[in-house]
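Peer 1: I'd like to go over a predicted model; first the sequence, then the structure.
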Amino acid sequence: MNLRPEQLPAHLDKPLAPLYILHGNEPLLVLEAGDAIRSAARKQGYAEREVLVAGQGFRWSELQSVAGNLSLFGASKLIDLRIPNGKPGRDGGEALQRYARIRDDGIVTLITLPELDWAARKASWFTALLEAGVAIELNAPERERLPDWIAQRLARQQQRAPANALAFIAEHVEGNLLAAHQEILKLGLLHPPGDISLEAMREAILNVARYSVDALRQALLEGDAARCARLLEGLKGEGEATPLVLWALANEIRSLANLRQGMDDGQPLQGLLKAERIFDDRRKQAIQRALPRLGAGQLRTSILHAAKIDRMIKGLARGDVWDEFLQLCLRLTRSTSQAPARR
């Protein structure tokens with residue numbers, strides 16, 4: 001059973017399920033959901049708690065042993081199993097499948113995982129856990145939803161902010177949800193319940209945005225030229241390696257060029273996406289929106305532009321690498337009709 005994160009508080013007011021699986025790309029949200037489940041377990045009489053960390057050298061027989069070792073006083077128990085790398089291996093996978101078949105009224109099990117790739121989601125052990133328990137996927141809110149997420153957090157403190165102030169916070173904490181959480185708590189300390197103005201936000205909020213190459217790729221697909229420029233400036237300021245930035249951009253461009261060529265040849269997009277090993281739903285949607293504005297010639301020219309930047313990074317050509325990154329992104333965030341002539 002899959003449960004949406006916002007459904008968890010109401011769910012925890014009822015008797016707990018025997019098994020919970022938390023996974024996702026945002027550690028803060030995973031931690032908060034785990035804390036909520038642990039708190040509910042204590043309130044419902046699960047007085048004992050066993051923490052197991054399935055790291056290197058972990059013996060999976062210990063999981064079964066802990067589950068069968070209830071207190072002499074008959075106290076109910078919460079088993080808190082953490083798999084930091086999300087890869088239990090063959091022995092762990094088999095142990096988890098056996099464990100999923102166990103039903104014991106005195107035990108609630110909480111399994112915490114990181115973000116799972118498509119292969120892990122289809123693995124037999126994960127499927128068995130899903131069938132036996134309640135799974136909650138906890139991902140960072142997408143950029144366009146971040147202001148709403150911030151507004152919800154402020155509301156917990158009985159505070160409100162206008163849309164421009166929420167957008168200001170979102171821009172300054174993008175990619176760093178833990179810092180966003182800390183800044184919101186700080187606002188709760190600095191200001192009383194009620195409205196917080198944009199001016200007050202500017203005085204209180206630090207620029208804690210964490211710029212990432214993946215965010216740049218997403219902005220490129222979305223055709224967001226302004227965000228590409230901001231991200232490139234942030235990556236430059238953080239000293240990101242230029243070969244890594246080039247690799248990310250060139251890889252995206254090559255994939256788009258292959259997809260564009262295949263579509264122009266009459267091949268179905270879904271098959272082309274599979275051939276390019278593109279499985280992430282959000283990336284698929286962004287690519288589907290990007291392809292109509294990108295022509296084959298535009299993408300070929302962009303590949304040549306990326307090759308020029310590669311020569312510059314290697315010292316074989318002169319120029320400002322970061323400025324060329326910006327020009328390349330601007331080339332790709334314009335539609336075919338808007339694309340500039342080749343430089």
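Peer 2: That came through, no problem.
Peer 1: now Thr242: how far from Val134?
Peer 2: Using Cβ to Cβ, to the nearest Å, Thr242 is found at 45 Å from Val134. C-betas here are computed from N, CA, C, even on glycine.
Peer 1: Check Ile287 too.
Peer 2: For Ile287 relative to Val134 (Cβ to Cβ), the value is 32 Å.
Peer 1: can I see the domain layout of this structure?
Peer 2: Domain assignment for the chain, taken from automatic domain parsing, gives 5-137, 143-204, 213-333.
Peer 1: Hmm, Leu190 and Glu183 touching each other?
Peer 2: No. In this structure Glu183 lies outside contact range of Leu190 using Cβ atoms under 8 Å: 10.3 Å.
Peer 1: Could you tell me which residues touch both of the two?
Peer 2: Ala204 (Cβ atoms under 8 Å, 6 or more residues apart in numbering).
Peer 1: Those two: which is more packed in?
Peer 2: Using other Cβ atoms under 10 Å, the more surrounded residue of Glu183 and Leu190 is Glu183, with 20 against 11.
Peer 1: What strand or helix carries the more buried one?
Peer 2: helix 177-190 (DSSP states H and E).
Peer 1: What of Ile111?
Peer 2: In this structure, Ile111 sits in strand 107-112 according to DSSP H and E.
Peer 1: What is that strand packed up against?
Peer 2: strand 19-23, helix 27-43, strand 77-82 (3 or more Cβ pairs under 8 Å, 6 or more residues apart in numbering; DSSP states H and E).
Peer 1: which strands and helices sit next to the shortest one?
Peer 2: Judged by 3+ Cβ pairs under 8 Å, 6+ apart, the packing partners of strand 19-23 are helix 27-43, strand 107-112, helix 124-132, strand 134-137.
Peer 1: Within its sheet, name the partner strands of it and how each one runs.
Peer 2: Partners of strand 19-23 in the sheet, by DSSP bridges, are strand 107-112 (parallel), strand 134-137 (parallel).
Peer 1: thinking again about what came up before, select, out of the helices and strands packed on strand 107-112, the one closest to Ala151.
Peer 2: Using Cβ to Cβ as the measure, helix 27-43 is the one of the helices and strands packed on strand 107-112 that comes nearest Ala151, at 16.3 Å.
Peer 1: Could you export the closest one as CSV, CA atoms only?
Peer 2: Extracted C-alpha coordinates of helix 27-43, given in CSV (Å, rounded to 0.1, in the frame of the first residue of the first chain):
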residue,chain,number,x,y,z
PRO,A,27,16.5,13.1,4.1
LEU,A,28,14.7,15.8,6.1
LEU,A,29,11.3,14.5,5.1
VAL,A,30,12.3,10.9,5.6
LEU,A,31,13.6,11.7,9.1
GLU,A,32,10.4,13.6,10.0
ALA,A,33,8.2,10.8,8.8
GLY,A,34,10.3,8.3,10.8
ASP,A,35,10.1,10.4,13.9
ALA,A,36,6.3,10.6,13.5
ILE,A,37,6.0,6.8,13.2
ARG,A,38,8.3,6.3,16.2
SER,A,39,6.3,8.7,18.3
ALA,A,40,3.0,7.1,17.4
ALA,A,41,4.5,3.7,18.2
ARG,A,42,5.4,4.9,21.7
LYS,A,43,1.9,6.3,22.3
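Peer 1: Beyond that helix, next helix or strand please.
Peer 2: strand 48-53.
Peer 1: In that following strand, which residues are buried?
Peer 2: 48, 50, 52 (16 or more other Cβ atoms under 10 Å).
Peer 1: Any idea how far that strand is from the middle of the chain?
Peer 2: 27 Å (Cα atoms, centre = their mean, to the nearest Å).
Peer 1: where are the low-confidence patches of the stretch 151-300 of the chain?
Peer 2: Low-confidence segments of the stretch 151-300 of the chain, defined by pLDDT under 70: 206-210.
Peer 1: Many thanks, have a good one.
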